[in-house]
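Student: sequence-free structure coming up:
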């Protein structure tokens, strides 16, 4: 009985107390200790004496009375002590159980995060930002880590308001029974951060085998490292899951950013909830309007495409008629800030300031330097080659010890437009870097070494950045610099080192996962952005749209871009490139009535086919 725990002992203790009380009541009756009381009253006296041994205030001083009261007192002390001990033990066990995080939560429409990694802090931060735009929400985390440790780490790294509740539970994300702890069946979305691809796939299997009572599909998002695992993951996940291939996603952004400085800032702003994000919305005011007319109808939001007949079309043809079934795709601060004007306004478009060149701008030959080596280099070179003109040069410099003829041939097979060169050198050496950079490269790309641990690899990248900036300043060189940083915390170190370059990190993956958890259609938008055959984001010279030194509003810029079948979503001011407070000169989704005057080097941010 004792081995079953405290709760099983309370019942027998109560039975023993009742038996003792009845025995003492009959003893009082037989010995006639209280002659004027009946048996019921004697039971009451026995109960009171058992509960409170100090209430012996009767005038009787007989030996029998004294002995019976002493017996009751001793038994009372025993029973009360045992009861207090049992209750204390039960409460302690319950508190200990709660601290272990094994109790089932009772929530609906909450977000579940499975697993634990450095990305979780970005994920939670973004969910907090998302909750500021919408309703109160709950985030439930299930991980093998200790519950208290998880809570302490979150409190150290993140501050949040009462608008969001974060609940931590300890359990195995690939165990079907443990998934019940976080009420997986009633969750609105599930984000998997469970390390390796095999664990992600196991977690998906466990979730799907926990059949949803409503019969509706789960909304699961996860990142996979290996491209070959995407296919099997989609077979398993079916309509329940959206997967992103982390290496492919980051590689495409690195490749595009290395050619267009500032693009990573644009992607970061579109992916996080702190600035402007992508929203889908049906607008009755747009029904019957052409896509071009609709571009002007929201003062604080930028229309970028349509969700039509189940297909996302970014930068739709300007003469497309919007029907009542179509959803408009906006860049906006929040869904609530999307306000459509249903009447024609005077947009104050300055036609005289529009400068549309009819001639097609020829791509110039690029000379790109890639420093370092990791598994993403194959995809980066493949992507770069798609955007480069014939005769461009890609130079890879690395001290990677496994670089051999076979790998070199594999890399060369990925290029059609560019010529690939290799050099073996210590890229952390200042003299080596100076000799390289003085060859007038237009773009420099620094990759982290995945053969080292994360902190050591990031430290090497930051050292290279410091050398490159120093060399550029001393020799008055101008080149774009794109750097990959793995650990998000090291981004601060890079800034302390006064390296005001655009840094790519796994933060982008975390941001994308949260966006997908909020709206799975966002995946199709970014698939279009990342594919060279679709509509992509370009940062183009402003003088090909607007006459320089002419003050114009953003309506005029939209008109100029639309005449080239492009959608203007912002602009870049070259004088603010090194100013972090001004978002490195990137002004995304500006208010359309606001005015700007462009100078040499300023750019328009557009969505275009090429």
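Tutor: Yes, it's here. In this text, all values refer to a predicted model and were calculated from it rather than measured experimentally. Numbers count the residues shown, from 1 in each chain.

Student: which SS state does residue 596 fall under?
Tutor: Classification of residue 596 using DSSP: H, G, I helix; E, B strand; the rest coil returns strand.

Student: cool, and residue 273?
Tutor: Three-state call for residue 273 (three-state DSSP): coil.

Student: Chain neighbours aside, what residue packs nearest to it?
Tutor: residue 129 (3.6 Å; Cβ to Cβ, 6 or more residues apart in numbering). (Glycine included, C-beta is placed from N, CA and C.)

Student: residues in contact with that neighbour?
Tutor: 272-274 (Cβ atoms under 8 Å, 6 or more residues apart in numbering).

Student: mind checking which helix or strand of this protein has the lowest mean pLDDT?
Tutor: helix 490-496 (a mean of 67; mean pLDDT, DSSP states H and E).

Student: pretty sure residue 560 is touching residue 351, no?
Tutor: No - taking Cβ atoms under 8 Å as the definition, residue 560 is not a contact partner of residue 351, at 9.4 Å.

Student: Between those two, tell me which one has more neighbours.
Tutor: residue 560 (26 against 8; other Cβ atoms under 10 Å).

Student: Can you tell me how far the more buried one is from residue 593?
Tutor: In this view, residue 560 and residue 593 are 16 Å apart by Cβ to Cβ, to the nearest Å.

Student: for the protein, what's the longest helix?
Tutor: The helix that spans the most residues within the chain, counting by DSSP state H, is helix 63-100.

Student: for whatever helix or strand comes next after it, the distance to its chain's centre please.
Tutor: Per DSSP states H and E, the first helix or strand lying C-terminal to helix 63-100 is strand 111-114. Distance of strand 111-114 from its chain centroid, counting by Cα atoms, centre = their mean, to the nearest Å, is 11 Å.

Student: which ones are touching the nearest residue to residue 400 once chain neighbours are set aside?
Tutor: Closest residue to residue 400 apart from its sequence neighbours, by Cβ to Cβ, 6+ apart: residue 373 at 3.9 Å. Counting by Cβ under 8 Å, 6+ apart, residue 373 touches 396, 398, 400, 403, 447, 449.

Student: Mind splitting the protein into its structural domains?
Tutor: 2-100, 111-251, 260-356+511-608, 367-505 (automatic domain parsing).

Student: Between the two ends of the third one, how far is it?
Tutor: By that I understand domain 260-356+511-608. 14 Å (Cα to Cα, to the nearest Å).

Student: Kindly report the same for stretch 190-204.
Tutor: Rule used - Cα to Cα; the end-to-end distance of stretch 190-204 is 10 Å.

Student: and what of stretch 449-458?
Tutor: 8 Å.

Student: Outside of that stretch itself, list whatever touches it.
Tutor: 372-375, 400, 448, 460, 485-487, 490, 493.

Student: Only the buried residues of that stretch, if you could.
Tutor: 449-450, 457-458 (16 or more other Cβ atoms under 10 Å).

Student: from the chain's centre, how far out does the helix or strand containing residue 121 sit?
Tutor: According to DSSP H and E, residue 121 maps onto helix 119-133. Chain-centre distance of helix 119-133: 6 Å, with Cα atoms, centre = their mean.
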